[in-house]
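J.: any chance you can model this:
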Amino acid sequence: ASFHPSLPLIVSGADDRQVKLWRMNDTKAWEVDTLRGHSNNVSCVMFHAKQDVIISNSEDKSIRVWDMSKRTGVQTFRRENDRFWILAIHPEVNLLAA
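T.: The predicted structure follows:
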């Protein structure tokens, strides 16, 4: 799970293969939307620090980029012989490490 850098939002991923977007306040969080597209467990998910996208990776050997406002997938990266567990986004340069 990851907190949005400036909005009251949380993004989460789980073994149900879904990425979920949550709105939060001081006392609770509630589900706003679900992003579907992974075919196996979602290992890591986070907001991009500078762009309006969500990045997720899964045991299906893919990394997906989701448009946060449209709630749709915009790009998928796949490596058939690699599986990614953790993502890191550089805070100032447009770089993603997996």
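J.: partner residues bridging Val11?
T.: Ser2, Leu21 (DSSP bridges).
J.: is it true that Lys50 touches Asn94?
T.: Yes: at 7.0 Å, Lys50 and Asn94 qualify as touching, with contact defined as CB atoms under 8 Å. For the C-beta atoms, the positions are set from N, CA and C on the backbone; glycine is no exception.
J.: so the two - more neighbours on which side?
T.: Lys50 (13 against 10; other CB atoms under 10 Å).
J.: and that one, how far is that from Leu21?
T.: 18 Å (CB to CB, to the nearest Å).
J.: likewise for Ile86?
T.: Counting by CB to CB, the gap from Ile86 to Leu21 is 20 Å.
J.: pick out whichever of those two has more residues nearby.
T.: Leu21 (20 against 10).
J.: where does this protein dip in pLDDT?
T.: By pLDDT under 70, the chain has no low-scoring segment.
J.: please enumerate the strands of it.
T.: For the chain, the strands defined by DSSP state E cover 2-3, 9-13, 18-24, 29-36, 42-47, 53-58, 62-67, 72-78, 88-89, 96-97.
J.: can you list the residues that contact the fourth one?
T.: The contact list for strand 29-36 (CB atoms under 8 Å, 6 or more residues apart in numbering) reads 9-10, 17-24, 54, 56, 66, 71-73.
J.: please identify the buried residues of that strand?
T.: Buried residues in strand 29-36, counted by 16 or more other CB atoms under 10 Å: Leu35.
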